[in-house]
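Peer 1: need a 3D model of the sequence below.
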Amino acid sequence: MKKKIFLKDESFNWKEYEYSTIDELKEEFTKRNISIGNRASIGNRASIGNGASISYGASIGDDASIGNRASIGNGASISYGASIGNCASIGDRASIGDCASIGYRASIGDCASIGDRASIGDDASIGDRASIGNDASIGDRASIGNGTSIGYEIKLLKNFYIVGSKHPITYTGNNTLSIGCHNFTIDKWKESFKIVGEKEDYSNEQIEEYYQYILMAEQFAKIG
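Peer 2: Modelled structure (predicted):
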């Protein structure tokens, strides 16, 4: 059974092509400067923009859309109906859920996970191994640190990101703060910052440093 794919024509409108194997489209890909790596797979009715790069072993789901000059890393998975914006970058082994939306020039780190129907804004940056839950919304130009976890339906439209002396700090909205891989409410951090710091081998000076970040987040939350 033949598959369908949508590519841009000379007028930059989408044009439908039918194919049995991806090799049949080699000439069309070359015309558009599209790069498809070995062992990559492309689902039925997917759309691939000009200049897009899909690396070794990547998987593009049915009805997914890859924007112009977007880059999909080795072994990355783009699920059903997901939309990857123009010039966006998806890291190696990253996972993009069903119907998720990745904005223009957004960057998704290696091994990061973006949940179903999640929305990542233009120029946003999601760090390596970060996890964004189903239906979550991350605003334009937001920055989420390595290993950070943003839960189900969280709307992160105002945030800050600080690189501390030990681990990154991300204010993730909803009165919640992530330090390294730990994600608690600000009140919970004020109660347990010393215990967590000692467990993570922080020095006394670093524990005090990070307590100041927690107080900063508390003030930010009041105005955010």
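
Peer 1: please count neighbours and contacts with C-alpha atoms only from this point.
Peer 2: OK.

Peer 1: from Ala112, how far off is Ile186?
Peer 2: Going from Ile186 to Ala112 by CA to CA, to the nearest Å gives 24 Å.

Peer 1: the two: which has the busier surroundings?
Peer 2: It is Ala112, of Ile186 and Ala112, that has more neighbours when counted by other CA atoms under 10 Å, with 26 against 21.

Peer 1: wait, isn't that one in contact with Ser131?
Peer 2: Yes - taking CA atoms under 8 Å as the definition, Ala112 is a contact partner of Ser131 at 5.8 Å.

Peer 1: what's the local residue count around Ser41?
Peer 2: 18.

Peer 1: center of the protein - which residue?
Peer 2: Ile108 (3.4 Å; CA atoms, centre = their mean).

Peer 1: select the longest helix from the protein.
Peer 2: Scanning the chain for the longest helix, with DSSP state H as the assignment, gives helix 204-223.

Peer 1: report the buried residues of that helix.
Peer 2: 206-207, 210-211, 213-214, 217-218, 220-221 (16 or more other CA atoms under 10 Å).

Peer 1: quick one: least confident helix or strand in the protein?
Peer 2: strand 155-156 (a mean of 62; mean pLDDT, DSSP states H and E).

Peer 1: next secondary structure after it?
Peer 2: strand 160-163 (DSSP states H and E).

Peer 1: now tell me what touches that next one from outside.
Peer 2: 142-145, 168-172 (CA atoms under 8 Å, 6 or more residues apart in numbering).

Peer 1: now do the domain split for the protein, please.
Peer 2: Domains of the chain are assigned by automatic domain parsing as 1-157, 159-224.

Peer 1: just the ones you listed: most buried one?
Peer 2: Ranked by mean neighbour count, those are led by domain 1-157 with a mean of 21 (mean count of other CA atoms under 10 Å).
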